[in-house]
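J.: Quick check, what structure comes out for this input:
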Amino acid sequence: MNSKKFMKALNDLAEEKGIDKDVIFDAMELALTSAYKKNYHSLSNVRVDINRETGDIKIFSYKTVVFSEEFEKEDGKLETQIITDEDGNETEVEKEFYFDDRIHITLENAQKKVPGIKIGETIEKEVTPKDFGRVAASTAKQVVIQKIREAEREIINSEFEDKEGEMITGVASMEDQRNYYIELGRTQGILPKKEIIPGEKIQMGSSIKAYITKVENGSKGPIILLSRKHYGFVKRLFELDVPEINEGIILVYSVAREAGNRTKIAVYSENPNVEAVGSCIGERGSRINNIIKELNGEKIDVVKYESDPSKFIENALSPAKDLHIFITDEKKRKAMAIVNKDNLSLAIGKKGLNVRLASRLTHYTIDVLTIEEAKEKGISIVE
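T.: Numbering: from 1, shown residues only. The predicted model follows:
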């Protein structure tokens, strides 16, 4: 195998795939060790060394230094070994040992070759066959490709392992009966069709944003599950379109969503000079309109978070007005909203959507009553 061509191919490969060259060298050495053992009927006591600068390949056979001349081939002997566990604790164990002059050398003979050598050390001898370049080229290729694929998978896994809960942009490349497949550079994500916004159409080849709900390590690379229905998707869109949220000037308290219908998002700022709701909506609705467009026309209520739960619940029940809020059980987080007839349908919403989202947003169970119903329960409201 031509060393110069090998090094050029290796350098090109490492640069193209973004893989550390040492990973490829290690894979090559492992592959060539297996090739030598297979083709030259070698024992296990060989190692392959590839020069990291020149690409020259050398094979060494080694023998381990053991005991003394008194030890006969056919005799077994109890050898003491020290085993160290993960916590650093050392334990002495004994196992039966048999001398084999193909892989062992006695201390006396070893010291004749290397003065001062000790038991447990090794003596090496180069045994590189003249025709090994041919064997190396034909045998190592498949194993090296496998190691490169493994290294690529590790790189991709590490790239996405901490991306759960983040938003990502990819290209819709393929679909089957249940899923869309989104190209994400060196890998792809899976967007189940049940996780798209109801009513939206996804065109192949189009750019698409999605929320990463789960990342799992698979045998062929990470399994990245995506969603456009998740409430976290809306939160990430606000971070993208409202710089004050991304910078931490405006904080998101909570998000409640029924994809395709309505989202409520509660925001606030610890800076008294910042109007959180207005900043999220933008001048003439410029910011929120971008988000609504991405959500396929889904309605969004931006409400102000208040530390006072009564005020917060009142805000959350928007667009209903003229509300009277009572906290009926603070420990169990229950509340009552009393409204006039004109605002009843707004407070409850179609099929109970508005009050249901308000409950999720505030983390309170909210019962909505009319003023007449409240009076029947003995609650007097001054209008």
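J.: What is the neighbour count of the nearest residue in space to N289 that is not next to it in sequence?
T.: With Cβ to Cβ, 6 or more residues apart in numbering as the measure, G282 is the residue that lies nearest to N289, at 7.6 Å, once sequence neighbours are left out. Placement of C-beta: from N, CA and C, glycine included. G282 is flanked by 15 other residues according to other Cβ atoms under 10 Å.
J.: you'd agree G282 is up against I288?
T.: Yes. G282 is within contact range of I288, at 6.1 Å (criterion: Cβ atoms under 8 Å).
J.: shared neighbours, these two?
T.: D241 (Cβ atoms under 8 Å, 6 or more residues apart in numbering).
J.: And the pLDDT at the residue nearest to N289?
T.: Note on G282: pLDDT of 92.
J.: just L30 next, same as before
T.: The model reports L30 with a pLDDT of 85.
J.: And it, how far from K37?
T.: For L30, the distance to K37 equals 11 Å [Cβ to Cβ, to the nearest Å].
J.: before we move on, what about G285?
T.: 72 Å.
J.: now do Y305
T.: Following Cβ to Cβ, the distance that separates Y305 from K37 is 68 Å.
J.: between the two, who's got more neighbours?
T.: Per other Cβ under 10 Å, whichever of Y305 and K37 has more neighbours is Y305, with 21 against 13.
J.: Let me know whether that one touches K264 as I believe.
T.: No. Contact between Y305 and K264 fails when scored by Cβ under 8 Å: they sit 11.0 Å apart.
J.: Secondary structure element holding K235?
T.: Using DSSP states H and E, K235 sits within helix 231-241.
J.: try L225
T.: strand 221-227.
J.: between that strand and helix 231-241, how big is the angle?
T.: If you take axes from the mean of the first three to the mean of the last three Cα atoms, to 10 degrees, strand 221-227 sits at 90 degrees to helix 231-241.
J.: So which elements touch strand 221-227?
T.: Counting contacts by 3 or more Cβ pairs under 8 Å, 6 or more residues apart in numbering; DSSP states H and E, strand 221-227 packs against helix 132-160, strand 188-192, strand 207-218.
J.: Serialize the ones you listed to CSV and add fields for mean pLDDT and mean neighbour count.
T.: Output for these, formatted as CSV (pLDDT from 0 to 100; neighbours: other Cβ atoms under 10 Å):
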stretch, mean pLDDT, mean neighbour count
helix 132-160, 75, 16
strand 188-192, 95, 20
strand 207-218, 92, 18
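J.: what about those, which gets the closest to N315?
T.: strand 207-218 (25.5 Å; Cβ to Cβ).
J.: what about stretch 46-54, average pLDDT?
T.: pLDDT averaged over stretch 46-54 gives 87.
J.: Go through it and flag the buried ones.
T.: By 16 or more other Cβ atoms under 10 Å, the buried positions in stretch 46-54 come out as 46-50.
J.: Now secondary structure and distance to A320 too, for the residues you listed, in a markdown table please.
T.: Compiled in a markdown table, those are given as follows (DSSP: H, G, I helix; E, B strand; the rest coil; distance: Cβ to Cβ, whole Å):
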| residue | secondary structure | distance to A320 |
| --- | --- | --- |
| V46 | strand | 81 |
| R47 | strand | 78 |
| V48 | strand | 77 |
| D49 | strand | 78 |
| I50 | strand | 74 |
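J.: Which one of those is nearest to E15?
T.: Of all the buried residues of stretch 46-54, I50 has the smallest distance to E15: 18.4 Å, by Cβ to Cβ.
J.: I'd like to know how far the spatially closest residue to E275 that is not a sequence neighbour sits from A358.
T.: Sequence neighbours aside, S269 is the residue nearest to E275 in space, at 7.8 Å (criterion: Cβ to Cβ, 6+ apart). Here S269 is placed at a distance of 21 Å from A358 (Cβ to Cβ).
J.: And the two? Which one has more around it.
T.: A358 (30 against 19).
J.: where are the low-confidence patches of this structure?
T.: Confidence mapping of the chain against pLDDT under 70 gives the ranges 1-3, 68-86, 88, 90, 92-97, 137, 139-140, 143-144, 381-383.
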